[in-house]
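**Q** Here you go, sequence then predicted model.
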Amino acid sequence: MAANMKKNAKEIRDLFLLDDKISFLNFGSFGACPSVIFEDLIKWQRLLEKEPVRFIVEYGPKFLEESKQALGTYIGANVSDLIFVPNPTFAINILAKNILNPGDEVLTTNLEYGAMDYTWEYFCTKTGASYKRQPITLPLVSKEKFIEEFWKGVSDKTKIIFISHITSSTGLIFPVEEICAEAKRRGLITVVDGAHVPGHIPLNISTLQADFYTGACHKWMMTPKGNSFLYVAKSFQPLLEPLVISWGFKSTNTQASQFQEYHQYNGTRDFSAYLTIPAALDFRTEHHWDELIKSCRGSVIKKGAELSHFLGTKPLAPLTSDFYGQLYSAKIHTENPEELQRILFTNYSIEIPVMRHGDDCYIRFSFQPFSQEKEIDALIVALEEIRQTTDLWFRPTL
Ligand SMILES: Cc1ncc(COP(=O)(O)O)c(C=O)c1O
């Protein structure tokens, strides 16, 4: 353990394929895969191409089950309640297409990921349901206030609660445990968007007791892209028709459940990315990743506070681990976040998202064990130079 614990940020960074000329502060969007996990993907693909028929029909599915078992243990879910999906968008499409009825209301927040909003809005319009984005006041004051504000949106038409566990544009952890418990008490269905959660903060789906939970493995679990899951509580599984009709729709496999067959066997594809979960978990163990990310959380709060102060805006929530993991998003006053992001990358080699959400803009950094606090200092220097030489953003007078 000691040898690994002593690895410095540069040595940890060398475990990844990342371009070392870039200050990579955007792990949140698409993750990044360490070379050893990437090589595991190639290993599976080579095995597939060596004997495509045997692999796809015979031993591939066995490896798939093993990989799912490892995932289930890691996230506290029964393997029979899990399906692999390419991404959380796909997962939300499966359920939004199937669980809505005319007149239903889906209660959510105004801080959800845009593609999820589009999905719900599309299927709500199709079925005659409605999608209610309850406004949440930022900065958050406390968990209790958040919960109180959220439930002000509930009505007698509310049937489904949809909420991010960690949000995209604000990077905040939401109190989903409390929301799911209250929803259960009220007899409402819960759908949790945990895209950013696996490998980032601890997750135990069985204690959370959400009815649906989706998470990406290709972000903070660091597998190759196209690797995510959907958990569905047993009672809801029969409701879900597959998005793609294929052999799985009339499967003769008596070993697997209809839920598994419907959603996982829908045409020929390369499922190697799903098989890399054991390698991704081994990587964490070998490098004591969970220990390393604990110290990242301290840096997020320290450097995040500095960034917000520099930008002349308030932190979006109290600076505690209740709200912050390895993402920090700060409000920034800009009319052109796209150009600001482009200049940071092109002129300063800093990869960081600057994004719009509603009427506001946010700049969000991710902090991994290969990140260094001096990268946030360099970001601040770059932003100051941009402020002095352009009118791309301004600091409000406090
Ligand atoms: C909160 C949240 N939900 C869902 C997604 C959807 O991810 P994907 O495009 O991989 O489906 C993202 C992507 O970053 C996200 O941040």
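**A** Structure's in. What do you need?

**Q** and residue 119, how many residues sit next to it?
**A** Neighbours of residue 119 under the rule other CB atoms under 10 Å: 23. Heads up, the C-betas are built off the backbone N, CA and C, glycines and all.

**Q** and the helix or strand encompassing it, what does it pack onto?
**A** Using DSSP states H and E, residue 119 sits in helix 114-127. Using 3 or more CB pairs under 8 Å, 6 or more residues apart in numbering; DSSP states H and E, the elements in contact with helix 114-127 are helix 88-99, strand 105-109, strand 130-134, strand 158-164.

**Q** how about the ones you listed, which one is nearest the ligand?
**A** helix 88-99 (3.2 Å; CB to the nearest ligand atom).

**Q** mind listing what's buried in stretch 10-27?
**A** 12, 13, 15, 16, 18, 23, 24, 25, 26, 27 (16 or more other CB atoms under 10 Å).

**Q** Next up, the contacts around the fifth one.
**A** With contacts defined as CB atoms under 8 Å, 6 or more residues apart in numbering, the neighbours of residue 18 are 24, 32, 370.

**Q** can the residues you listed go into JSON lines with extra columns for distance to the ligand?
**A** Compiled in JSON lines, those are given as follows (distance: CB to the nearest ligand atom, whole Å):
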{"residue": "24", "distance to the ligand": "16"}
{"residue": "32", "distance to the ligand": "14"}
{"residue": "370", "distance to the ligand": "20"}
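
**Q** ok, those residues vs residue 345, which is closest?
**A** Lowest distance from residue 345 to the contacts of residue 18 (CB to CB) belongs to residue 24, with 10.7 Å.

**Q** just checking, the closest one touches residue 31?
**A** No - using CB atoms under 8 Å, residue 24 is not in contact with residue 31, being 10.8 Å away.

**Q** about what we covered before: contacts for the helix holding residue 119?
**A** For helix 114-127, contacts defined as CB under 8 Å, 6+ apart pick out 88-89, 92-93, 96-97, 100-102, 104, 106, 108, 129-131, 133, 162, 164, 193.

**Q** Mind doing that once more with 7 Å?
**A** If you take CB atoms under 7 Å, 6 or more residues apart in numbering as the criterion, helix 114-127 is touched by 89, 92-93, 96-97, 100-102, 106, 130-131, 162, 193.

**Q** Out of the residues you listed, grab the one that's most surrounded.
**A** Result: residue 193 is most packed of the contacts of helix 114-127 (other CB under 10 Å), 28 neighbours.

**Q** how close does it sit to the ligand?
**A** Separation of residue 193 from the ligand (CB to the nearest ligand atom, to the nearest Å): 5 Å.

**Q** What helix or strand is that residue located in?
**A** Residue 193 belongs to strand 189-194 when assigned by DSSP H and E.

**Q** Following element in sequence after that strand, please.
**A** Tracing the chain C-terminally past strand 189-194 and defining elements by DSSP H and E, one meets helix 205-208 next.

**Q** What is the subsequent helix or strand relative to that next one?
**A** Downstream of helix 205-208 (by DSSP H and E), the next one is strand 212-216.

**Q** how far is the longest helix belonging to the chain from where the chain is centred?
**A** Longest helix of the chain, by residue count under DSSP state H: helix 289-311. On the basis of CA atoms, centre = their mean, to the nearest Å, helix 289-311 sits 19 Å off its chain's mean C-alpha point.

**Q** Which neighbouring elements make contact with it?
**A** The contact analysis (3 or more CB pairs under 7 Å, 6 or more residues apart in numbering; DSSP states H and E) places helix 289-311 against strand 327-331, helix 373-389.

**Q** Return the most buried member of the ones you listed.
**A** Comparing those by mean neighbour count (mean count of other CB atoms under 10 Å), strand 327-331 ranks first with a mean of 25.

**Q** Show residues contacting it.
**A** Residues from elsewhere that reach strand 327-331 (CB under 7 Å, 6+ apart): 28, 166, 169-171, 300, 304, 307-308, 311, 313, 316, 360, 362-366.

**Q** again, only this time at 6 Å
**A** If you take CB atoms under 6 Å, 6 or more residues apart in numbering as the criterion, strand 327-331 is touched by 28, 170-171, 300, 304, 307-308, 311, 313, 360, 362-366.

**Q** ok, that strand near the ligand or not?
**A** No - Strand 327-331 stays clear of the ligand (CB under 6 Å from any ligand atom), getting no nearer than 9.5 Å.

**Q** So in that sheet, which strands flank that strand, and in what orientation?
**A** strand 360-366 (antiparallel) (DSSP bridges).

**Q** For the stretch 251-398 of the chain, which residues are neighbours of the ligand?
**A** Counting by CB under 6 Å from any ligand atom, the stretch 251-398 of the chain comes close to the ligand at no residue.

**Q** Low-confidence regions, the stretch 251-398 of the chain specifically.
**A** Counting by pLDDT under 70, the stretch 251-398 of the chain has low-confidence residues at 398.

**Q** again, only this time at 50
**A** Low-confidence segments of the stretch 251-398 of the chain, defined by pLDDT under 50: none present.

**Q** Would you mind measuring the gap between the ends of stretch 218-238?
**A** Stretch 218-238 stretches 28 Å from its first residue to its last (CA to CA, to the nearest Å).

**Q** Report the buried residues of that stretch.
**A** Applying 16+ other CB under 10 Å to stretch 218-238 flags 218-233, 236-237 as buried.

**Q** And stretch 148-168, by the same measure?
**A** Taking 16+ other CB under 10 Å as the criterion, stretch 148-168 shows 149-151, 153-154, 158-168 as buried.

**Q** just checking: which of the residues you listed also lie near the ligand?
**A** 164, 167, 168.

**Q** Quick check: the first one touching residue 194?
**A** No - checked against CB atoms under 6 Å, the pair residue 164 and residue 194 is beyond contact range at 7.7 Å.

**Q** any idea how far residue 128 lies from residue 223?
**A** As judged by CB to CB, to the nearest Å, residue 128 and residue 223 stand 39 Å apart.

**Q** brain fart, residue 135
**A** 35 Å.

**Q** Also residue 274?
**A** From residue 274 to residue 223 the distance is 8 Å (CB to CB).

**Q** Pull the residues that contact stretch 256-274.
**A** With CB under 6 Å, 6+ apart, stretch 256-274 has contacts from 41, 44-45, 64, 67, 83-84, 224, 226-227, 237, 242, 244, 246-248, 251.
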